[in-house]
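Novice: The following comprises the amino acid sequence and a computationally predicted model.
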Amino acid sequence: MSNIPVTRTDKSRLGLVNWDKLSFGVYFSDHIFISDHDGKSWDNGKIVPYGPMPMEPSMCTLHYGQTIFEGLKAFRSVNGGVNLFRADKNAARLNHSGARVCIPEYDEKHLLEAMVELIKVDREFVPKKRGHSLYIRPLAYGNGNFLGVHVSDIYRLIIMTSPVASYYPEGLAPVKILVSSEYSRAVRGGLGSAKTAANYAASLLAGEKAKKLGYAQVLWLDAVTRDFIDEVGAMNIMFIIDDEIITPPLDHGTILDGVTRDSALTLAREWGMKVSERQITIDEVFDAHKHGTLQEVFGTGTAAVISPVGLLTYRGLDIEINQRQIGPIAQKLYDTISGIQYGEIEDKYGWIVNIDV
């Protein structure tokens, strides 16, 4: 039995949701979880109605970006209840990000308890349609009011939820990606491995320019040589070259330790595939295409799970991947991960927490 107090709304937002056109991140559930840090410790938190929160113009995060967030999903299980997918990994990563921008560590077990209780309270917002899910967004930020570049003295953590469809309107249809040789997302020693607002702000301009040209996202290269591949949009990227899955390594601190990335690599290794976490250049990818060994390219991430890439454009040169069709490994990864999420496939890895709603 949870000891998190709940204040329920007297005016539900459920009727505002267009379940036939969910899109992504458009609708929000009735309640949020809020926990405050007074400079010494985090309080137990509370669940309250979703709505505006007062803040002062001098609130430090508005000026200096001392904020982190996470993203994960819950799914209607075919076996009953709601499945929360790999929430422990997201809780750990939130604290990793927090350490990078001086936000106090949050108890991971309590964070999971808060997510579970919030889902129970807003159970009607968990979509029933296959392919839809409840997106969960924990975030934490400095809540002090001052001007001056230093860490906050107080903090707030929030968990909100949103019923969502696929992140990309294309769904599993392969997308067009523009390789950026002009802009960079992250540098070694920077914030690349932390899920901070600054990372996403850095991606906006290149992303908007790419979309105006008809591309779904940007493929980021390293900030020093502009040769090595980092990420695609807000996802990790994988290449299958000559039956080998290749994905950039985590040890340079420029890319996020993706939960879906880890899930995909775990499955691929179990299937007996050769998997390499190593540096890969954009020239290697284009050379593999030239020699006929580039079989598949796809992004991995919470929002889309698997996003196949059908076309890469680099310095005016286009290469088409797998005739712009989803490849067999990308399809198998999507089917397996989503099957586990919805309870259709046995979870052999302890990835699922089933919530009785």
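Specialist: Perfect, I can see it now. Numbers count the residues shown, from 1 in each chain.

Novice: Tell me who's in contact with Val309.
Specialist: 174-177, 232, 297-299, 321 (Cβ atoms under 8 Å, 6 or more residues apart in numbering). Just so you know, the C-beta spots here come from the backbone N, C-alpha and C atoms, and that holds for glycine as well.

Novice: Mind telling me what element it is part of?
Specialist: strand 305-314 (DSSP states H and E).

Novice: Just the CA atoms of the longest helix along the chain, as CSV, please.
Specialist: Secondary structure of the chain per DSSP state H: the longest helix is helix 197-212. C-alpha atoms of helix 197-212 as CSV (Å, rounded to 0.1, in the frame of the first residue of the first chain):
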residue,chain,number,x,y,z
ALA,A,197,17.1,20.2,-22.0
ALA,A,198,20.2,21.7,-23.4
ASN,A,199,20.9,18.6,-25.6
TYR,A,200,17.5,19.0,-27.2
ALA,A,201,17.8,22.8,-27.6
ALA,A,202,21.0,22.2,-29.5
SER,A,203,19.2,19.9,-32.0
LEU,A,204,16.3,22.2,-32.8
LEU,A,205,17.8,24.4,-35.6
ALA,A,206,19.3,21.6,-37.6
GLY,A,207,16.1,19.5,-37.1
GLU,A,208,13.9,22.3,-38.3
LYS,A,209,16.1,22.9,-41.4
ALA,A,210,16.0,19.2,-42.2
LYS,A,211,12.2,19.1,-41.9
LYS,A,212,11.8,22.0,-44.3
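
Novice: And that helix, what's buried?
Specialist: If you call a residue buried by 16 or more other Cβ atoms under 10 Å, then helix 197-212 has these buried ones: 197-199, 202-203, 206-207, 210.

Novice: which residues sit in contact with the residue lying closest to Leu317 once chain neighbours are set aside?
Specialist: Among residues not flanking Leu317 along the chain, Phe286 sits closest, at 7.3 Å (Cβ to Cβ, 6 or more residues apart in numbering). For Phe286, the contacting residues are 312, 314, 317, 319, by Cβ under 8 Å, 6+ apart.

Novice: SS state for Phe286?
Specialist: helix (DSSP: H, G, I helix; E, B strand; the rest coil).

Novice: And the one 3 residues further on, by the same measure?
Specialist: When the structure is split into helix, strand and coil by three-state DSSP, His289 lands in helix.

Novice: for the stretch 101-250 of the chain, what spans make up the helices?
Specialist: 108-121, 197-212 (DSSP state H, counting those that start in this stretch).

Novice: what's the neighbour count on Leu178?
Specialist: Neighbour count of Leu178, defined by other Cβ atoms under 10 Å: 21.

Novice: Hmm, Leu213 and it touching each other?
Specialist: Yes - at 6.5 Å, Leu178 counts as touching Leu213 under the criterion of Cβ atoms under 8 Å.

Novice: before we move on, which element is Ser276 in?
Specialist: Applying DSSP H and E as the criterion places Ser276 in strand 274-277.

Novice: other SSEs contacting that strand?
Specialist: Helices and strands touching strand 274-277, by 3 or more Cβ pairs under 8 Å, 6 or more residues apart in numbering; DSSP states H and E, are strand 244-247, helix 259-270.

Novice: could I get the ones you listed as a markdown table with mean neighbour count?
Specialist: Below are the helices and strands packed on strand 274-277 laid out as a markdown table (neighbours: other Cβ atoms under 10 Å):
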| stretch | mean neighbour count |
| --- | --- |
| strand 244-247 | 20 |
| helix 259-270 | 19 |
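
Novice: Mind checking the ones you listed for the one nearest to Asn79?
Specialist: Checking the helices and strands packed on strand 274-277 against Asn79 by Cβ to Cβ gives helix 259-270 as the closest, at 19.8 Å.

Novice: who touches that closest one?
Specialist: 72, 86, 89-90, 93, 235-236, 238, 245, 247, 275, 277, 300-302, 305-306, 329, 333, 336-337, 349, 351.

Novice: mind listing which of these are in strands?
Specialist: Among these, the ones falling in strands (DSSP state E) are 72, 236, 238, 245, 247, 275, 277, 300-301, 305-306.

Novice: Closest one to His132 out of the residues you listed, please.
Specialist: Looking at these and their distance to His132, the nearest is Val305, at 12.4 Å (Cβ to Cβ).

Novice: The helices and strands packed on strand 274-277 into a markdown table, with extra columns for distance to Asn79 and mean pLDDT?
Specialist: Formatted as a markdown table, those follow (distance: least, Cβ to Cβ, whole Å; pLDDT from 0 to 100):
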| stretch | distance to Asn79 | mean pLDDT |
| --- | --- | --- |
| strand 244-247 | 31 | 98 |
| helix 259-270 | 20 | 98 |
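
Novice: which ones are touching the residue lying closest to Val78 once chain neighbours are set aside?
Specialist: Nearest residue to Val78, sequence neighbours excluded (Cβ to Cβ, 6+ apart): Gly343, at 4.7 Å. Gly343 sits next to 75, 77-79, 83, 352, 354 when contact means Cβ under 8 Å, 6+ apart.
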